[in-house]
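Asker: A structural model of the following input is requested.
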Amino acid sequence: MIHDIEYETMPREALESIQLRRLQTTLERVYASVPFYRKKFKEAGIVPGDIQTLEDLRKIPFTTKQDLRDNYPFNMFAVPMDNVVRIHASSGTTGQPTVVGYTARDVKTWSTLMARSLAAGGAGRGDIIHNAYGYGLFTGGLGVHYGAECLGASVIPVSGGNTKRQVVIMRDFKPTIITATPSYALHLAEVAEEMGVSFESLNFKFGVFGAEPWSEQMRLEIERKLNLVAVDIYGLSEVMGPGVAIECHEAKKGLHVFEDHFIPEIVDPKTLEPLPYGSAGELVFTSLTKEAFPVIRYRTRDITSLNPEPCICGRTLVRMNRVTGRSDDMLIIRGVNVFPSQIESVLMDIEEVEPHYQLVVDREDNLDVLTVNVEVGERGFTDEVKGLQRLERRISKNIKELLGVSAKVKLVEPKGIERSQGKAVRVVDNRKI
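Answerer: From the prediction side, this is the model:
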């Protein structure tokens with residue numbers, strides 16, 4: 001189902017006309033009301049009136065997460081606090097938290113885009129949505145919640161945690177759609193199995209998973225264990241929250257970006273030069289309709305590419321490919337670029353291990369050493385030391401052959417990797433300590 005036929009299937013020429021009009025309005029607003037942007041424009045020697053085409057957007061400097069932190073907490077807001085009805089913030093685990101605000105109109109826009117997203121993911125009026133994204137300052141839980149209500153579906157605001165209770169609710173309330181991080185979805189499957197509850201006996205049709213990079217192999221694992229169709233959703237608090245882009249369940253080949261509200265760009269993460277369709281690089285977003293907290297050319301650090309071809313579902317919106325990692329989370333091991341999702345792809349081809357892993361990077365004798373801690377499954381678990389050593393060598397060999405990087409592999413017993421009720425902690429880089 002397409003929730004908003006007019007905008008989601010709009011011809012490119014009409015869409016770009018709307019984008020330009022909304023872009024020019026947004027630029028005038030931030031120039032007048034946000035000192036940070038006014039200073040940026042003046043340093044670049046431009047004014048909003050200089051932006052006469054969408055290509056002119058490239059004249060404007062980028063905005064970074066550090067810029068948001070430097071203006072903590074509310075100096076990036078484009079409206080008085082009297083007009084801000086919602087405040088969200090990042091966890092601040094890597095530095096000063098980034099704070100974002102919403103007007104009442106922003107919340108309505110967000111709800112509408114999340115309704116579009118859930119519809120693309122297979123949900124509709126009459127569905128019951130089991131929402132296992134976290135509620136609170138994290139945007140995931142409330143984003144899905146408001147979108148579900150806008151769509152006309154029922155929503156169970158279960159949030160993260162209390163996993164056994166969630167299994168009971170899934171069994172008794174009979175939800176048809178689940179939303180969660182992919183790593184937590186697999187954890188739910190594990191706990192359900194321990195409790196003797198089969199997902200084949202539950203009522204799920206579709207699952208909408210995001211908030212962390214995940215591979216195609218993990219999708220297949222989730223679909224097998226949860227007995228549903230899994231789609232990928234994308235968003236980030238700085239731009240709006242979840243609902244910036246989503247896969248359609250018909251194709252599952254790239255995430256439709258809601259371009260009437262966001263302009264996506266792909267740039268080389270090193271040179272910052274624009275890249276053409278199909279080239280992998282860093283994703284950059286400009287918001288077109290956000291009132292309280294608009295962002296101009298915001299560097300997401302997410303690595304992906306864009307595909308402009310129309311989809312079989314009927315949507316004409318550009319599609320972004322699955323995020324493979326982040327430019328700032330990318331590991332450089334002895335000159336080789338490594339993303340956690342690449343390691344995950346290798347592991348998912350090994351039947352004896354589970355999709356729970358952690359990468360640990362140390363520096364020994366001035367050399368980087370990568371250790372992959374991976375959980376062995378019940379099928380692969382054995383007390384035979386030689387058997388485990390052979391499995392470790394096989395995984396290490398596969399990583400070397402496919403990624404060109406040497407890695408130590410350490411197998412841990414089932415449930416030996418700590419489970420996350422939100423985003424999984426995939427990397428521990430001790431070089432930074």
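
Asker: Run the chain-centre distance for stretch 180-198.
Answerer: 21 Å (Cα atoms, centre = their mean, to the nearest Å).

Asker: With stretch 197-206 instead?
Answerer: With Cα atoms, centre = their mean, you get 25 Å for stretch 197-206.

Asker: tell me which residues of the longest strand anywhere in the chain are tucked away?
Answerer: For the chain, the longest strand by residue count, based on DSSP state E, is strand 353-364. Of the residues in strand 353-364, those buried under the neighbour-count criterion (16 or more other Cβ atoms under 10 Å) are 353, 354, 355, 356, 357, 358, 359, 361. All C-beta spots, glycine's among them, are computed from the backbone N, C-alpha and C.

Asker: Just confirm the first one contacts residue 376, I think it does.
Answerer: It refers to residue 353. Yes: using Cβ atoms under 8 Å, residue 353 makes contact with residue 376 at a distance of 5.5 Å.

Asker: shared neighbours of those two, anything?
Answerer: Counting by Cβ atoms under 8 Å, 6 or more residues apart in numbering, the contacts common to residue 353 and residue 376 are 391, 411.

Asker: Can you pull the phi/psi pair for residue 206?
Answerer: phi -130, psi 150 (degrees, to the nearest 10).

Asker: likewise residue 241?
Answerer: According to degrees, to the nearest 10, residue 241 has phi 130, psi -170.

Asker: OK, contacts around the nearest residue to it once chain neighbours are set aside?
Answerer: Among residues not flanking residue 241 along the chain, residue 139 sits closest, at 3.3 Å (Cβ to Cβ, 6 or more residues apart in numbering). The contact partners of residue 139, taken as Cβ under 8 Å, 6+ apart, are 88, 100, 235, 237, 240, 241, 242.

Asker: next one: residue 151
Answerer: 3, 114, 115, 118, 119, 123, 124, 125.

Asker: Quick check: next helix or strand after the helix or strand harbouring the third one?
Answerer: Read it as residue 115. Secondary structure from DSSP states H and E places residue 115 in helix 104-120. Later in the chain than helix 104-120, the nearest helix or strand by DSSP H and E is strand 128-131.

Asker: sorry, back to before: now do the residue nearest to residue 241 against residue 114, distance only.
Answerer: Using Cβ to Cβ, to the nearest Å, we find residue 139 at a distance of 10 Å from residue 114.

Asker: Overlap of the contact sets of these two?
Answerer: residue 242.

Asker: Local confidence estimate at the residue lying closest to residue 415 once chain neighbours are set aside?
Answerer: For residue 415, ignoring the flanking residues on the chain, the nearest one in space by Cβ to Cβ, 6+ apart is residue 375 at 7.3 Å. pLDDT for residue 375: 93.

Asker: of all the contacts of residue 151, which comes closest to residue 316?
Answerer: residue 3 (14.6 Å; Cβ to Cβ).

Asker: rewinding a little: direction included, what does the longest strand of the chain pair up with?
Answerer: strand 367-376 (antiparallel), strand 427-429 (parallel) (DSSP bridges).

Asker: Now do the first one: distance to the chain's middle.
Answerer: When you say that, I think you mean strand 367-376. Worked out by Cα atoms, centre = their mean, strand 367-376 lies 24 Å from the chain centre.

Asker: hmm, who's touching it?
Answerer: Contacts for strand 367-376 (Cβ under 8 Å, 6+ apart): 331-334, 338, 343, 347, 352-354, 356-363, 388, 391, 395-396, 399, 405-417, 431.

Asker: can you rerun that using 7 Å?
Answerer: Strand 367-376 is contacted by residues 333-334, 343, 347, 352-354, 356-362, 395, 399, 405, 407-414, 416-417, 431 when judged by Cβ atoms under 7 Å, 6 or more residues apart in numbering.

Asker: list the buried ones in the helix or strand following it?
Answerer: Per DSSP H and E, the first helix or strand lying C-terminal to strand 367-376 is helix 385-403. Within helix 385-403, the residues that count as buried by 16+ other Cβ under 10 Å are 388, 391, 392, 395, 396, 398, 399, 403.

Asker: what sits against the third one?
Answerer: Residue 392 makes contact with 409, 411 under the criterion Cβ under 7 Å, 6+ apart.
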